[in-house]
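Asks: Here is a sequence together with a model predicted from it:
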Amino acid sequence: MGRCSPVVSVALGILLLSGNPLLAQQNPRQSVIWSDNPNIADFVKNEESKLAAAQAAIATIANVQGTHTIENTVEPFDNAFMALDDAVGLAKLVREVHPDVSFREKGNEYVSKAESARKDLSLNRALYNALAAVDVSKVDAATRYYVSRRLQISRWAGVDRSEAERAKLKQLQDQLSAAQTTFIHNVDEDHRTLSVKPSELDGMPQEFLESHKPGSDGMIKLAAEADLDPILKFATHDDVRRRMFEMANNLGYPKNRELALEMLRLRFEIARLLGYASWAEYESASKMTGNAKAVETFIADLDKAARPVAERELPLLLAEKRKFDPATAELYWHDMAFLAEQVRRHKYGVDSSVLRAYLPSSAVKQGLLDVSSKFFQLEFRKEENSPVWHQSVETWDVFDQDSMIGRIYLDLYARPGKANAWETIPLRAGKVGRQLPEAVVIVNLPNPTAESPGLMEQEEMVAFFHEFGHAVHKIISGSRARWAGEHPGSSGTIEMDFIEVPSQFLEEFPQLESVLTTFARHYKTNEPLPSDLVDRVREAAAFGRGILATSDNVLSALSLDLHQRDPGKLDFDAVLNEENQRYSLLKMPPDVHLWASWFHLADYSSNYYLYDWDAMIVQDFFAQFDRKDPLAHDIATRYRRTVLETGGTMSANELVRNFLGRPQKFDAFRNWLQEEFRSLPVVTITK
């Protein structure tokens, strides 16, 4: 698929924050974050100013004479947190998207530096004592929860330890932050390509072939950023799929082997110093689950529910593989997408190469904006000619009842130097009266060309909705936040194992007939998606959920298990294969070092289970909606008010109870997993 020309240095200039923290208060149309063509020195100056602003805010607390109050203590603490959050967001964006590798390296450096400064707040004993001294008995509930949660986060960090122990914890946390950011950066910078002969692309859609012409050597280059999904789904040559899977899942290898060991060693040492048996136990203490045993139980329960489905899907997949290789008796991870596609074609009459013709990226984007506008009762207004870091990036201001409440940048298309990622970066923290929230959606869609409008796979469409769900959550919650530090996210006050709920919730919409048919039109004829195909797509969507859930369980168990073992004795490949044999019905190719390319090992550590945990909550939430009219105003408003607007003003468990009227249950998730095989026996889930 086409990629943008690297000769775009003028249009690719990145960034300077406007620098005025009161800008949102003074101007309802908050200034965009970029200026034209800043250099590295400008970026460093900008980051250092944020770090200095945070230090200055904390210094005012130390200088308080007399009683500590909301105004003289909590307010400057939160302003410091906001400055550091913004420094992290800006540095991450530079690291992920800047065309200049030296600029990206500097961005990575400041991600580590700003994250370390943010963590230092939690280990500052004098700051903790000042916050603890504030009388919150007569303040609003959100402020009371914010102060209480921040104090608890500090205790988890070790603020109540001795001075020597706190110094050691700071040293370990700084080293960990550096290792994590370098691990992710190594994956981002590993832009491998796979060269194949044209004859090896049998099965690929014509539109794909037209946008992938052979070079002067007669070979076609495939990139992991944009080509992985279509190759795994359509290429009939098993060897090409295997090589593509191995390439994509070995990014960062072997560089990241020592870094991965270093991360696990540091985490183990931190956990032990804080009195926990393992990092997994330490991490889960601050989550909805509460302890590592509850995570283990959830993984076991998911296996009970998903395995019977996977075992009924497996023979169908194997039968399709034997059409190409009659003697085969085994299925591999790189087989799954292709064979599932074959089952959907032959059992349900759904050909994804036909479906993708109805999903040009521009139409999907507009459909996403229209659906989000109606469901969340927002308006998205595009800023034309806004300074951005690449000419393809779009700037969308978000309005609620004609008042601007935030901004979303859409960086949609793959290009050289851009990170191998689908992610949403919080760019500016929201705080009422101070600053509007901003977020950047980064995906790697195929570039529109003269031959193709950039057709999307169904999975890419769903993932695009997912990332936009993160952005909308950031905007809605941040626009009403009394405190910048109460935002959803790994550094916010809401539990980390809830943060994928709003994103996975929005994933459900493009899979509904009532939504998909509003924007799915053929890119050549503009004909709507045929109704009979819509029905078949819906039926086919249920196939593969068991196999995929068991594969997800491999990764959940891997992230947990790696953080429960002695890192001095770890063999990553051995643990990966052990968990794969335990949970998956698919074999892992022998030359795959998946953990080295798995950036969630760095940013989610032992908590990968949260994706399925949150999928359980989402299915429970979605069961409350009418699937024929999912945009109905009343329940959409209740979802926005009780789930999104509350942000981090209460625990996630309380938030779930407020929406459902009870704690989450596994039932809806189990029914969703087993939708294709309704006759499966009921599985008893451990309480």
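Replies: Okay, I see it.

Asks: any chance you could map the strands in this protein?
Replies: 193-196, 220-223, 379-383, 394-400, 403-413, 423-428, 438-445 (DSSP state E).

Asks: right, and those - which one's nearest Leu302?
Replies: strand 423-428 (24.5 Å; C-beta to C-beta). (Glycine included, C-beta is placed from N, CA and C.)

Asks: Can you spell out which helices and strands pack onto that closest one?
Replies: helix 75-97, strand 438-445, helix 458-479 (3 or more C-beta pairs under 8 Å, 6 or more residues apart in numbering; DSSP states H and E).

Asks: closest one to His346 among the ones you listed?
Replies: Within those, the stretch nearest His346 is helix 458-479; the backing value is 17.4 Å (C-beta to C-beta).

Asks: Specify the residue ranges that define each domain of this protein.
Replies: According to automatic domain parsing, the chain is divided into the following domains: 39-159, 193-248.

Asks: start to end distance for the last one?
Replies: Between the start and the finish of domain 193-248 there is a gap of 9 Å, counting by C-alpha to C-alpha, to the nearest Å.

Asks: Off-centre distance for it?
Replies: 26 Å (C-alpha atoms, centre = their mean, to the nearest Å).

Asks: Also the first one?
Replies: On the basis of C-alpha atoms, centre = their mean, the separation between the geometric centre of domain 39-159 and that of its chain is 23 Å.

Asks: now swap in stretch 246-253 and tell me
Replies: 19 Å.

Asks: Now for the residue lying closest to Arg125 once chain neighbours are set aside: which residues touch it?
Replies: If the residues on either side of it in the chain are set aside, Arg125 comes closest to Val159, at 5.8 Å by C-beta to C-beta, 6 or more residues apart in numbering. Neighbour list for Val159: Ser122, Leu123, Asn124, Arg125, Tyr128, Arg166 [criterion: C-beta atoms under 8 Å, 6 or more residues apart in numbering].

Asks: Could you do Ala340 as well?
Replies: With contact taken as C-beta under 8 Å, 6+ apart, Ala340 is in contact with Leu317, Phe543, Gly544, Ile547.

Asks: how near is it to Glu258?
Replies: 36 Å (C-beta to C-beta, to the nearest Å).

Asks: follow-up on the earlier one: determine which of the strands of the chain approaches Trp333 most closely.
Replies: When those are compared by C-beta to C-beta, strand 193-196 sits nearest Trp333, at 16.7 Å.

Asks: Direction included, what does that closest one pair against?
Replies: Note on strand 193-196: by DSSP bridges, its sheet partners are strand 220-223 (antiparallel).

Asks: picking that back up, can you put the strands of the chain in CSV and add distance to Arg480, mean neighbour count and mean pLDDT?
Replies: Shown next, in CSV, are those (distance: least, C-beta to C-beta, whole Å; neighbours: other C-beta atoms under 10 Å; pLDDT from 0 to 100):
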stretch, distance to Arg480, mean neighbour count, mean pLDDT
strand 193-196, 45, 17, 97
strand 220-223, 41, 20, 95
strand 379-383, 17, 15, 97
strand 394-400, 10, 20, 97
strand 403-413, 8, 22, 97
strand 423-428, 15, 24, 96
strand 438-445, 15, 25, 95
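
Asks: Looking at Met456 now. What's its pLDDT?
Replies: As predicted, Met456 sits at a pLDDT of 92.

Asks: any idea how far Glu527 is from it?
Replies: 17 Å.

Asks: thinking again about what came up before, got a quick PyMOL command for the buried subset of the contacts of Val159?
Replies: With 16 or more other C-beta atoms under 10 Å as the criterion, this PyMOL line picks the buried residues out of the contacts of Val159:
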select buried, resi 122+123+124+128+166
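
Asks: The closest residue in space to His334 that isn't next to it in sequence - how many residues pack around it?
Replies: Distances taken as C-beta to C-beta, 6+ apart place Phe245 nearest to His334, at 3.6 Å, with adjacent residues excluded. Neighbour count for Phe245, taken as other C-beta atoms under 10 Å: 25.

Asks: I figured Phe245 was touching Asp335, is that so?
Replies: No: using C-beta atoms under 8 Å, Phe245 makes no contact with Asp335, being 9.2 Å away.

Asks: if we can go back for a sec, is it possible to get CSV of the contacts of Ala340 that adds pLDDT and neighbour count?
Replies: Below are those laid out as CSV (pLDDT from 0 to 100; neighbours: other C-beta atoms under 10 Å):
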residue, pLDDT, neighbour count
Leu317, 97, 23
Phe543, 95, 22
Gly544, 95, 23
Ile547, 97, 25
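
Asks: now, which of the residues you listed sits nearest Asp400?
Replies: Taking C-beta to C-beta as the measure, Asp400 lies nearest Gly544 of those, at 38.3 Å.

Asks: OK, contacts around that closest one?
Replies: So Gly544 contacts Glu313, Met336, Ala340, Val343 (C-beta under 8 Å, 6+ apart).

Asks: got a winner among the residues you listed for most neighbours?
Replies: Of these, with other C-beta under 10 Å as the count, Glu313 tops at 25 neighbours.

Asks: List the residues that contact that residue.
Replies: Val343, Phe543, Gly544, Gly546, Ile547, Glu676.

Asks: Which pLDDT value goes with the closest residue to Val432 other than its chain neighbours?
Replies: The shortest distance from Val432 to any residue other than its chain neighbours is 6.0 Å, reached at Arg482 (C-beta to C-beta, 6+ apart). pLDDT, Arg482: 95.

Asks: Which residue of this structure lies farthest from its centroid?
Replies: Distance from the C-alpha centroid of the chain peaks at Gly66, with 44.2 Å (C-alpha atoms, centre = their mean).

Asks: From Ala133, how far out is that residue?
Replies: 11 Å.

Asks: Also Glu210?
Replies: 68 Å.

Asks: all helices of the stretch 101-250 of the chain, in order?
Replies: 101-123, 125-132, 141-157, 163-188, 206-210, 224-234, 238-248 (DSSP state H, counting those that start in this stretch).

Asks: between the third one and helix 163-188, what angle do the directions make?
Replies: In this case it means helix 141-157. On the basis of axes from the mean of the first three to the mean of the last three C-alpha atoms, to 10 degrees, helix 141-157 is oriented at 100 degrees to helix 163-188.

Asks: And for the second one?
Replies: Direction vectors for helix 125-132 and helix 163-188, defined by the same axes, to 10 degrees, enclose an angle of 100 degrees.

Asks: Just the buried residues of helix 125-132, please?
Replies: Quick answer for helix 125-132 (16+ other C-beta under 10 Å): Leu127, Tyr128, Ala130, Leu131, Ala132.

Asks: In TSV: those residues, plus distance to Glu281.
Replies: Converted to TSV, the buried residues of helix 125-132 look like this (distance: C-beta to C-beta, whole Å):
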residue	distance to Glu281
Leu127	27
Tyr128	23
Ala130	30
Leu131	26
Ala132	26
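
Asks: ok, Val97 - contacts?
Replies: Val97 touches Ile14, Trp389, His390, Asp411, Gly417, Lys418, Ala419, Ile442, counting by C-beta under 8 Å, 6+ apart.

Asks: Show me what counts as buried in the longest helix anywhere in the chain.
Replies: Counting residues, the longest helix in the chain under DSSP state H turns out to be helix 292-321. When burial is assessed from 16+ other C-beta under 10 Å, helix 292-321 yields the following buried residues: 292, 294-296, 298-299, 301-303, 305-310, 313-314, 316-318, 320-321.

Asks: if we can go back for a sec, for my notes, please list the helices and strands packed on strand 423-428 in CSV and give distance to Asn39 for each entry.
Replies: Putting the helices and strands packed on strand 423-428 into CSV (distance: least, C-beta to C-beta, whole Å) gives the following:
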stretch, distance to Asn39
helix 75-97, 12
strand 438-445, 21
helix 458-479, 29
